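Engineer: Just the structure for this:
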Amino acid sequence: MTYGLSKSDVESLLLESAKHSCKKSDAPCVKIAAIAKLPTRFGKFQVLAFDNNIDSKEHIALVHGKVLGKSNVLVRIHSECLTGDALGSMRCDCRDQLEAALKRISKAKAGVLLYLRQEGRGVGLENKIRAYQLQDKGYDTFEANEALGFKYDERDYAIAAHILNSLHIKSINLMTNNPNKISDLKHHGVKITGRIPIVTKPNKYNMFYLKTKMVKGGQMLDIHQAEARGR
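Structural biologist: Okay, the predicted model is just below:
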């Protein structure tokens, strides 16, 4: 299968971004810095790196198929989790969700995975480990963040909305279990035409974490369905 963005698409997007200066703007501004092919174990993607004037972090998008100017594009917005995504931690379900999303997008006609550098639900890596330390003492994941002086979820999806806009995507079919993500994206002008749940197999280390996200965070998880899927 060929890569989704044609040579002319790539040139057009880069030229459009080159004319768009974030340094001169007081409003939130996101622009494409580079585009490259990225063959993965899940399929062929193109990776786009973004500059922004909101948090100065290096966010990326993995694009599969023809998404420019399209409606109902399959999208997953994934917040960075070094311990889960890269190191295989079983304290969370982040890596399982990431892999499930990449597999589903690669099999779809077209889709996008946004990888946002919002470690630890936006509190950063060091504070995430501090929160783990508190969880080892009996705090749940939300109590730990709050004990450190943060909201239970510090993430914001303004950048995600701007990235989708830079790809001229008209509407999305969002892969998520998180109602707060849906409402925040809508607040930033993203049209969401549907939701696709992500069901992963829980383990003995993350079961309490998942139940806490469901009970306290309002996440649309079906623990029993997830358990049955793993049998």
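Engineer: quick one: G111 and I77 touch, right?
Structural biologist: No: the pair G111 / I77 is not scored as a contact, 11.8 Å apart, by CB atoms under 8 Å. For every residue, glycine as well, the C-beta is placed using N, CA and C.
Engineer: Taking the centroid of this structure, which residue is nearest it?
Structural biologist: H78 (1.7 Å; CA atoms, centre = their mean).
Engineer: For that one, I want the exact helix or strand it lies within.
Structural biologist: strand 73-79 (DSSP states H and E).
Engineer: what does that strand contact?
Structural biologist: 67, 94, 97-98, 101-102, 104-105, 108, 110-116, 118-119, 121-122, 155, 157, 160, 164, 169, 171-176, 181, 185, 196, 198 (CB atoms under 8 Å, 6 or more residues apart in numbering).
Engineer: More neighbours: G111 and I77, which one.
Structural biologist: Just comparing G111 and I77: by other CB atoms under 10 Å the higher neighbour count belongs to I77, 28 against 25.
Engineer: does that one have beta-bridge partners, and which?
Structural biologist: Applying DSSP bridges to I77 gives these bridge partners: L114.
Engineer: Report the separation between it and S89.
Structural biologist: As judged by CB to CB, to the nearest Å, I77 and S89 stand 20 Å apart.
Engineer: Can you check what angle separates the longest helix along the chain from strand 73-79?
Structural biologist: For the chain, the longest helix by residue count, based on DSSP state H, is helix 94-107. Angle, helix 94-107 to strand 73-79, by axes from the mean of the first three to the mean of the last three CA atoms, to 10 degrees: 160 degrees.
Engineer: Using CSV, write down the CA coordinates of the strand holding H78.
Structural biologist: Extracted in CSV, the C-alpha atoms of strand 73-79 (Å, rounded to 0.1, in the frame of the first residue of the first chain):
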residue,chain,number,x,y,z
VAL,A,73,-11.7,10.6,9.6
LEU,A,74,-10.8,7.9,12.1
VAL,A,75,-8.7,9.6,14.8
ARG,A,76,-7.0,8.6,18.0
ILE,A,77,-5.5,11.3,20.2
HIS,A,78,-2.9,9.6,22.4
SER,A,79,-1.1,11.3,25.3
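Engineer: What is the distance between it and the centre of its chain?
Structural biologist: What separates the centre of strand 73-79 from the centre of its chain is 5 Å, taken as CA atoms, centre = their mean, to the nearest Å.
Engineer: what's the closest non-adjacent residue to R195?
Structural biologist: Leaving aside its chain neighbours, R195 sits nearest to L174 (5.5 Å; criterion: CB to CB, 6 or more residues apart in numbering).
Engineer: count of neighbours near that neighbour?
Structural biologist: Neighbour tally, L174, other CB under 10 Å: 20.
Engineer: One more: V215?
Structural biologist: Residues near V215, counting by other CB under 10 Å: 12.
Engineer: for it, phi and psi?
Structural biologist: Phi and psi for V215, reported as degrees, to the nearest 10, are phi -80, psi -50.
Engineer: same question, K66
Structural biologist: According to degrees, to the nearest 10, K66 has phi -90, psi 110.
Engineer: Could you check how far it is from K37?
Structural biologist: In terms of CB to CB, K66 sits 15 Å off from K37.
Engineer: Have a look at these two and say which one is more surrounded.
Structural biologist: K66 (15 against 11).
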